[in-house]
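Colleague: Test case, fold it:
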Amino acid sequence: MNRNWIYVLLAGLVEVIWVMGLKYSNNTLEWLGTIVAITASFYLIIEAAKRLPVGTVYAVFTGIGTAGTVASEMLFFGEPFKLVKVLLICVLLAGVVGLKLVTSDHAEPEVSK
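Modeller: Residues are numbered from 1 along each chain as shown. Predicted coordinates:
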C-alpha cells in the first residue's frame, strides 16, 4: 500500500470523527476539534486525489466514513444493532475493496482538448 492510499484511509477515519463532532459537539472546544478534523480529513483526501483516480478515492473515502460512522453509532452511542444494516455496510465495504483492487495507483493522465 503506498502513501496515497494511507492518506485515503486516514482521511476516512478522521471523517468518522468529524461526523460524530457535527452531531455531538456541545461546546466551543468540541466544535473547534470538529473543524480541525474536517480540515485534516479534506487535506488528506485532496493530497491523495492529486495522485490517484479521483472517483475511486472518493468512493473509498466515503465508504470508510459511512461504515465507520455506522459502526461508531452502534458501538459508542447506543444506535440499535440491525443485521440488515450491518450486511449492507459489508456489501458497501466489499465494493470499496473491489474498487481498490481494480484501480492502479496512478491517476490517469489528463486528456487535452
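
Colleague: contacts, neighbours, all on C-alpha from now
Modeller: Fine.

Colleague: Let me see the ranges of the helices in the protein.
Modeller: 3-24, 28-49, 54-76, 83-102 (DSSP state H).

Colleague: Let me have those in CSV, extended by mean neighbour count.
Modeller: Shown next, in CSV, are the helices of the chain (neighbours: other C-alpha atoms under 10 Å):
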stretch, mean neighbour count
helix 3-24, 20
helix 28-49, 17
helix 54-76, 18
helix 83-102, 14
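
Colleague: where among those is the average confidence lowest?
Modeller: Among the helices of the chain, helix 83-102 carries the lowest mean pLDDT, a mean of 86.

Colleague: what's stretch 57-71 in contact with?
Modeller: Applying C-alpha atoms under 8 Å, 6 or more residues apart in numbering, the external contacts of stretch 57-71 come out as 8-9, 11-13, 15-16, 19-20, 45, 48-49, 89, 92-93, 96-97, 99-100.

Colleague: How far does it sit from its chain's centre?
Modeller: 4 Å (C-alpha atoms, centre = their mean, to the nearest Å).

Colleague: So what does Pro53 look like in phi/psi?
Modeller: phi -60, psi 120 (degrees, to the nearest 10).
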